[in-house]
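**Student:** Just to be clear, the model below is a prediction. Sequence and coordinates:
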Amino acid sequence: MTEAIAVLNAGSSSLKFSVFAAVDGDLQLRLRGQLEGLFTAPKFVGKDADGVVQSEHTWPVGFQLGHEGAMAHLTAFLDAHTDGLRIKAFGHRVVHGGVEFAEPVCVDPATLKRLEAFVPLAPLHQPNNLLPIRLLLESGTKAAQVACFDTAFHRDQPLIAQMYALPHEMTAAGIRRYGFHGLSYEYIASVLAQHDERAAAGRTVVFHLGNGASMCAIHAGRSVATTMGFTAVDGLPMGTRCGSVDPGVLLYLMDQRGMDARAIEKLIYHRSGLLGMSGVSSDCRALEESDDRNAKLALDHFCYRAARELASLAATMAGLDAVVFTAGIGENSPTVRAKILEQAAWLGVALDREANRVRGFARISTAASAVSAWVIPTNEELMIARHAWRVIHA
Ligand code: AMP
């Protein structure tokens, strides 16, 4: 039997999974897929490492398949498609580890309780992330449950980078910048030396630009500053999230428009960002293809903010050796990358326009560029599998 790790990423309406087999000290992808459209139009697809569909299932529209049903379907799929593999651990993506969890952790019922305490810090994500852990613990499986946190990579940041200028008692109580997308940044940091040793030992800013978007300053492999804060709504504008706004705007909306916390939550998480600014779509591709004036303005603003943040993050490291683009937009949009890097020329980045046409891995700066620029596809699932493997063999 070959030992294997199953990775789960449970969101509000989807359950994504992958299975990695441990072969000759390496973790090799064997299966991946997802159950999406929970509660609305559920659809399951499981594929092998080459993308060949192994199993598909669609439920009727409106079928109330929730996370419990999704886990039952996934467990049956894994039982039927993992011949020769023994799943030793499930690695779970968990958005919040608070101040306490700076490393992945093997979860038992007592640890699960501690992780539930962070639900108020990430009410939209944490409960979904924790549910499969609870269900698997209750199932009596022998496989270990390893929680890997999106916040953990940022936990080493100096206090000066983590604090807000609020009363000290609040910082001590955990009202501080946590930062997210840590598993993505950690993966990029782990492979950077293969491509650019100077950057890996030096000062890099990573752009994780997807539906959720953030940026991170990584100095000698460690996170020193990031754009997201107490929650994942801060920093850059995103697909539907607003990113940083003056907190005074929220007070004004409460006072003058009678908006309460739930209405503001809807506004800043679901109705803002690229969608809100353009009135067209939250999807970068749709905006690039649109002739609408506000679609262009939304993309321009997104790139303007990213270029501003680049300078701010470079300042935290007193310089810049490399930039890396990753995630859906970062890996696939030459237009967005070019718009951002044109505004960063003064920092010493010279874009190679031909190389920038790629989708996927490439160096996109010229040979003479003082600051190198890269596109490196992220792999959060592999990062989680590596962590889970390390935790169970510690
Ligand atoms: P993610 O959350 O990482 O899956 O990224 C989703 C975002 O990537 C969406 O805004 C997509 O429009 C964007 N994206 C994916 N492919 C492309 C592409 N070929 N060109 C521009 N944007 C893309």
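**Tutor:** Here it is on my side, so go on. Numbering: from 1, shown residues only.

**Student:** from here on, contacts and neighbour counts on C-alpha atoms
**Tutor:** Noted.

**Student:** phi, psi of the residue lying closest to residue 55 once chain neighbours are set aside?
**Tutor:** In this structure, residue 55 finds its nearest non-sequential neighbour in residue 46, 5.2 Å apart by Cα to Cα, 6 or more residues apart in numbering. Per-residue torsions, residue 46: phi -120, psi 130 (degrees, to the nearest 10).

**Student:** For residue 46, which residues are in contact?
**Tutor:** 31-34, 53-56 (Cα atoms under 8 Å, 6 or more residues apart in numbering).

**Student:** In strands, which of these fall?
**Tutor:** 31-34, 53-56 (DSSP state E).

**Student:** Pipe those into CSV and attach pLDDT and distance to residue 8 per row.
**Tutor:** Formatted as CSV, the ones in strands among the contacts of residue 46 follow (pLDDT from 0 to 100; distance: Cα to Cα, whole Å):
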residue, pLDDT, distance to residue 8
31, 98, 12
32, 97, 10
33, 97, 10
34, 97, 9
53, 97, 19
54, 97, 18
55, 97, 18
56, 97, 18
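
**Student:** could I get the residues you listed as JSON lines with neighbour count?
**Tutor:** As requested, those are exported to JSON lines (neighbours: other Cα atoms under 10 Å):
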{"residue": "31", "neighbour count": "23"}
{"residue": "32", "neighbour count": "23"}
{"residue": "33", "neighbour count": "22"}
{"residue": "34", "neighbour count": "21"}
{"residue": "53", "neighbour count": "14"}
{"residue": "54", "neighbour count": "14"}
{"residue": "55", "neighbour count": "13"}
{"residue": "56", "neighbour count": "14"}
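
**Student:** The residues you listed into a markdown table, with extra columns for distance to residue 394?
**Tutor:** What follows is these, written out as a markdown table (distance: Cα to Cα, whole Å):
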| residue | distance to residue 394 |
| --- | --- |
| 31 | 25 |
| 32 | 26 |
| 33 | 29 |
| 34 | 30 |
| 53 | 35 |
| 54 | 34 |
| 55 | 35 |
| 56 | 37 |
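
**Student:** Would you check which pair of those lies furthest apart?
**Tutor:** The span of those, defined through Cα to Cα, is set by 31 and 56 at 13.2 Å.

**Student:** contacting residues for residue 37?
**Tutor:** Per Cα under 8 Å, 6+ apart, neighbours of residue 37: 13-14, 43.

**Student:** neighbour-wise, which of the residues you listed leads?
**Tutor:** residue 14 (21 neighbours; other Cα atoms under 10 Å).

**Student:** Now do the same contact list for the closest residue to it other than its chain neighbours.
**Tutor:** Distance criterion Cα to Cα, 6+ apart; nearest residue to residue 14, sequence neighbours excluded, is residue 36 at 4.2 Å. Counting by Cα under 8 Å, 6+ apart, residue 36 touches 13-16, 42-44.

**Student:** Out of the residues you listed, which is nearest to residue 79?
**Tutor:** Of these, the one sitting nearest to residue 79 (Cα to Cα) turns out to be residue 44, at 15.4 Å.

**Student:** That closest one looks like it's in a strand, true?
**Tutor:** Yes. Counting by DSSP: H, G, I helix; E, B strand; the rest coil, residue 44 is located in a strand.

**Student:** Give me the buried positions along the helix or strand residue 78 falls within.
**Tutor:** For residue 78, the host element (DSSP states H and E) is helix 67-81. In terms of neighbour count (16 or more other Cα atoms under 10 Å), helix 67-81 has its buried residues at 67, 70-71, 74, 77-78, 81.

**Student:** what about residue 25, distance to residue 194?
**Tutor:** Distance of residue 25 to residue 194, given as Cα to Cα, to the nearest Å: 18 Å.

**Student:** cool, residue 140 as well?
**Tutor:** 41 Å.

**Student:** Residue 311 too?
**Tutor:** Distance from residue 311 to residue 194, by Cα to Cα: 26 Å.

**Student:** of those two, who's got more company?
**Tutor:** A count of neighbours by other Cα under 10 Å puts residue 311 above the other of residue 311 and residue 194, at 18 against 8.

**Student:** Just give me the neighbour total for residue 317.
**Tutor:** 18.

**Student:** Skipping adjacent residues, who's closest to it in space?
**Tutor:** Per Cα to Cα, 6+ apart, closest to residue 317 is residue 203, 6.5 Å.

**Student:** Which residues of this protein lie near the ligand?
**Tutor:** 210-212, 283-285, 327-329, 332-333 (Cα under 6 Å from any ligand atom).

**Student:** Pull out the buried residues from these.
**Tutor:** Counted by 16+ other Cα under 10 Å, the residues of the chain next to the ligand give 210-212, 283-284, 327-329, 332-333 as buried.

**Student:** follow-up on the earlier one: show me what the residue nearest to residue 55 bridges to in the sheet.
**Tutor:** residue 33, residue 55 (DSSP bridges).

**Student:** wait, what's in contact with residue 317?
**Tutor:** 203, 217, 219, 224 are the contacts of residue 317 under Cα under 8 Å, 6+ apart.

**Student:** So the nearest residue to the last one once chain neighbours are set aside, which state does it fall into?
**Tutor:** If I follow you right, that is residue 224. Using Cα to Cα, 6+ apart and skipping residues adjacent in sequence, the residue nearest residue 224 is residue 157, 4.9 Å away. Classification of residue 157 using three-state DSSP returns coil.

**Student:** Residue 187 reaches residue 385, doesn't it?
**Tutor:** No. Residue 187 is not in contact with residue 385 according to Cα atoms under 8 Å; the separation is 11.2 Å.

**Student:** thinking again about what came up before, could you tell me how far the residue nearest to residue 14 is located from the ligand?
**Tutor:** 14 Å (Cα to the nearest ligand atom, to the nearest Å).

**Student:** Please apply the same query to residue 244.
**Tutor:** Taking Cα to the nearest ligand atom, one finds residue 244 at 19 Å from the ligand.

**Student:** ditto for residue 207
**Tutor:** In terms of Cα to the nearest ligand atom, residue 207 sits 11 Å off from the ligand.
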